[in-house]
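Participant: Below are the sequence and a predicted model; questions follow.
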Amino acid sequence: MVCGFRAGRTNIEIATFNNIPHGTVRNFRMTYNKFVEDGGKEEEFDVTNGKRKRRSDAHDDDIVDNIQQIIDKDPGRSMRGIARELSVSDFLFMSAATKERRAERAAALLNKFKHPPDKDMLIFYSDEKNFNQDQKVNKKNNRWLCSDPSEVPIVMATKFPATVMVLGVISNKGDVMPPHVFEAGLRVNSKVYLDVLKNIVKPWMDQVAGDRPYLWQQDGAPAHTAKKVQDWCEDNFPHFWGKEVWPPSSPDLNPLDFFVSPHSTKQSLINSITEVFANFDRESVVNACSRVRSRLEEVVDAKGISFVK
């Protein structure tokens, strides 16, 4: 692997050549890059440095103390960032119920990948993103780790920030739907979402697929899991993963999350998102979608662990 890193080979090329999981190569590359960035000499890198700490060792006093020091220094650090810095899994920060459900669904979904209804199945992945002027401080996603609410700093925010909700769809064969931008101020409930599926998403997928069989993926957002949406998808798509299929808390499994990098403000989004989607390299989209199966295998092997995108 190290020779491949030095030769400038991609993770996929290294994984294929060595017949090892792509996720293994990705994890070692992260460790290798950090070793070099910290001043280490390339020829001194030892692949054993890339091995994760065992989960049984994760709660020792040193780890707990290190976590507390990081929180004291920056209570706004994400839990995933803390786990990455300490070279431990963010499995430590996930609830037992979520880990169990995520592992169970990942195993079931992995089985679907191994035994698809049709050999050359088109899989359409979807995701929605909400952008606003205050995107860098998102009260839904950002956390401040402390013991007293008074310790949370006050953050100035726009009184009525402009927002935009965008739906993206890509396929495992490299097809990219022009991003659909929802009307400003529109609450995307099941009625609105179903209307977009009927009039925009399905016609585009039918055109792209032609006579080929295809499958529709969506996450567990409330608008997606509503009964009328689930029933319509079941009746109108050739194949469909229902609400009990996709693993919870799994942006690391959706190519539109781990492959597509969002913009931080509405203005930058409006200026470039259409151009970005239009210029996606087809092969890169195919490669991103092909990584879903290996990521599912990692989730199953790690019993529900969430890993860095």
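Facilitator: Thanks, I have the structure now. Residues are numbered from 1 along each chain as shown.

Participant: so who does the nearest residue to Ala278 once chain neighbours are set aside touch?
Facilitator: Closest residue to Ala278 apart from its sequence neighbours, by C-beta to C-beta, 6 or more residues apart in numbering: Pro178 at 7.2 Å. Placement of C-beta: from N, CA and C, glycine included. The neighbours of Pro178, taking C-beta atoms under 8 Å, 6 or more residues apart in numbering as the test, are 274, 277-278.

Participant: packing partners for the top strand by length along the chain?
Facilitator: The residue-count maximum for a strand in the chain (DSSP state E) belongs to strand 122-132. Applying 3 or more C-beta pairs under 8 Å, 6 or more residues apart in numbering; DSSP states H and E, we find strand 122-132 packed against strand 163-171, helix 202-209, strand 214-216, helix 255-258, helix 266-278, helix 282-301.

Participant: In stretch 110-121, which of the residues would be classed as buried?
Facilitator: For stretch 110-121, the neighbour count (16 or more other C-beta atoms under 10 Å) marks 110, 112, 121 as buried.

Participant: For Asn19, grab the count of nearby residues.
Facilitator: Residues contacting Asn19 under the criterion other C-beta atoms under 10 Å number 6.

Participant: What of Ser126?
Facilitator: Counted by other C-beta under 10 Å, the residues lying close to Ser126 total 18.

Participant: What separation do you get for it and Gly210?
Facilitator: The spacing between Ser126 and Gly210, counted by C-beta to C-beta, to the nearest Å, is 20 Å.

Participant: what sits against Asn11?
Facilitator: 22, 25-26, 29.

Participant: Adding pLDDT, write those residues out as CSV.
Facilitator: As requested, the contacts of Asn11 are exported to CSV (pLDDT from 0 to 100):
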residue, pLDDT
His22, 81
Val25, 85
Arg26, 84
Arg29, 84
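
Participant: Neighbour-wise, which one of the residues you listed leads?
Facilitator: Neighbour max across those (other C-beta under 10 Å) = Val25, 26 neighbours.

Participant: Which residue ranges make up the domains of this structure?
Facilitator: 2-95, 99-301 (automatic domain parsing).

Participant: Report the rounded mean pLDDT for the last one.
Facilitator: What that stands for is domain 99-301. Domain 99-301 carries an average pLDDT of 83.

Participant: what's the span of that domain, first residue to last?
Facilitator: Taking C-alpha to C-alpha, to the nearest Å, domain 99-301 runs 12 Å from one end to the other.

Participant: Quick one: distance of it to the chain centre.
Facilitator: Centre-to-centre, domain 99-301 and its host chain are 9 Å apart (C-alpha atoms, centre = their mean, to the nearest Å).

Participant: Quick one: neighbours of the closest residue to Ile200 other than its chain neighbours, just the number.
Facilitator: Leaving aside its sequence neighbours, Ile200 sits nearest to His180 (C-beta to C-beta, 6+ apart; 5.6 Å). Residues lying near His180 (other C-beta under 10 Å) number 15.

Participant: my read: His180 touches Leu167, true?
Facilitator: Yes: using C-beta atoms under 8 Å, His180 makes contact with Leu167 at a distance of 4.4 Å.

Participant: what residues are shared contacts of the two?
Facilitator: Common neighbours of His180 and Leu167 (C-beta under 8 Å, 6+ apart) are 196, 201.
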